[in-house]
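Visitor: Dropping the sequence and predicted coords here.
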Amino acid sequence: MNFNLIAGTAATVALFIPVVLILAGRLFTNGSLFSLFIYYLFTGLYNLVELGVIELSPLQKHNASVLFNYLDAPLMFLVLLYFCNERWKRKLVLAAMTVFGLYEVVIGICFGLDPQSSVYLLGPGVVLVLAFSIYFFAHYGRLCIEQNKGIGKTLMLVSILFCYGCFLVLYYLDYLVHTPDMADVFLIYYISIFISAMIMSVGLFWIIKRSRTMKELQLTRKELALFFDK
């Protein structure tokens, strides 16, 4: 039994659930959630390439892999803007994204699509996303516990935290210690992606549910206002 194939298939299916939820809930009108849509769509398509469902030449597969590494952190920075409840936090994330974007330009000039570029891109990108995720989770986690608010966003942050925490471990195993057990690395990757995507799906479902409830309340208030104005 090929456990990697089973785990990879399950992870890929899980990745497309947030894509469907964002489309069904029309959440793509929000710029950050549209970035999340692109992130999961790209990750899902990349997994299909890895599983051999989408066939590419070795060169195309290599270029797609490196290009995906260039897009990973910038897309996630845009997603993190969704959790900025104050202007200064938004400016901080944008500043970090700009600096990292310039860093990517330098890496691109020096290494292009060479695999070596991934070594320099993924480490700093994962650490930065993880740091911001921890910071935002501290706020929304407290809000969730004390006031029973922001549950959807808290779940989304749990998803990102878990995912990038696992990515940091995988980066260490693959790029720093160069473990020969790549099958195990991919198995951990698929399992972490599956769990993260499922948690994200629950968070997005909660966001959609709350959004619809708020719209219904606004509609009820408008109807009551029209009724009492008569």
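Guide: Alright, I've got the coordinates.
Visitor: show me where the chain has helices.
Guide: Here the chain has its helices, by DSSP state H, at 3-24, 31-50, 58-80, 87-111, 116-147, 151-171, 182-229.
Visitor: So which of those helices is the most surrounded?
Guide: helix 151-171 (a mean of 21; mean count of other CB atoms under 10 Å). For every residue, glycine as well, the C-beta is placed using N, CA and C.
Visitor: For it, name the packing helices and strands.
Guide: Secondary-structure packing of helix 151-171 (3 or more CB pairs under 8 Å, 6 or more residues apart in numbering; DSSP states H and E): helix 58-80, helix 116-147, helix 182-229.
Visitor: Contacts made by it with the rest, please.
Guide: 76, 79-80, 82-83, 122-123, 126-127, 129-130, 133-134, 136-137, 140-141, 143-144, 185, 188-189, 192-193, 195-197, 199-200, 202-207, 210 (CB atoms under 8 Å, 6 or more residues apart in numbering).
Visitor: can you give me how far stretch 177-197 is from the chain middle?
Guide: 17 Å (CA atoms, centre = their mean, to the nearest Å).
Visitor: ditto for stretch 156-165
Guide: That offset, for stretch 156-165, works out to 8 Å (CA atoms, centre = their mean).
Visitor: go on, stretch 30-43?
Guide: Relative to the chain's own centre, stretch 30-43 is displaced by 7 Å; criterion: CA atoms, centre = their mean.
Visitor: Using PDB, write out every CA atom in that stretch.
Guide: Extracted C-alpha coordinates of stretch 30-43, given in PDB (Å, rounded to 0.1, in the frame of the first residue of the first chain):
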ATOM      1  CA  ASN A  30     -12.100  40.500  -0.100                       C
ATOM      2  CA  GLY A  31      -8.600  41.000  -1.400                       C
ATOM      3  CA  SER A  32      -7.000  38.900   1.400                       C
ATOM      4  CA  LEU A  33      -9.400  36.000   0.900                       C
ATOM      5  CA  PHE A  34      -8.900  36.100  -2.800                       C
ATOM      6  CA  SER A  35      -5.200  35.700  -2.200                       C
ATOM      7  CA  LEU A  36      -6.000  32.700   0.000                       C
ATOM      8  CA  PHE A  37      -8.100  31.300  -2.900                       C
ATOM      9  CA  ILE A  38      -5.100  31.700  -5.200                       C
ATOM     10  CA  TYR A  39      -2.800  30.200  -2.600                       C
ATOM     11  CA  TYR A  40      -4.900  27.000  -2.200                       C
ATOM     12  CA  LEU A  41      -5.600  26.700  -5.900                       C
ATOM     13  CA  PHE A  42      -1.900  26.900  -6.700                       C
ATOM     14  CA  THR A  43      -1.000  24.500  -3.900                       C
END
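Visitor: which residues touch that stretch?
Guide: 15-16, 18-19, 22-23, 27-28, 68, 71-72, 75-76, 78-82, 193, 197, 200.
Visitor: roughly how far apart are the nearest residue to residue 210 once chain neighbours are set aside and residue 160?
Guide: Leaving aside its sequence neighbours, residue 210 sits nearest to residue 152 (CB to CB, 6 or more residues apart in numbering; 6.2 Å). Distance check for residue 152 against residue 160: by CB to CB, to the nearest Å, it reads 13 Å.
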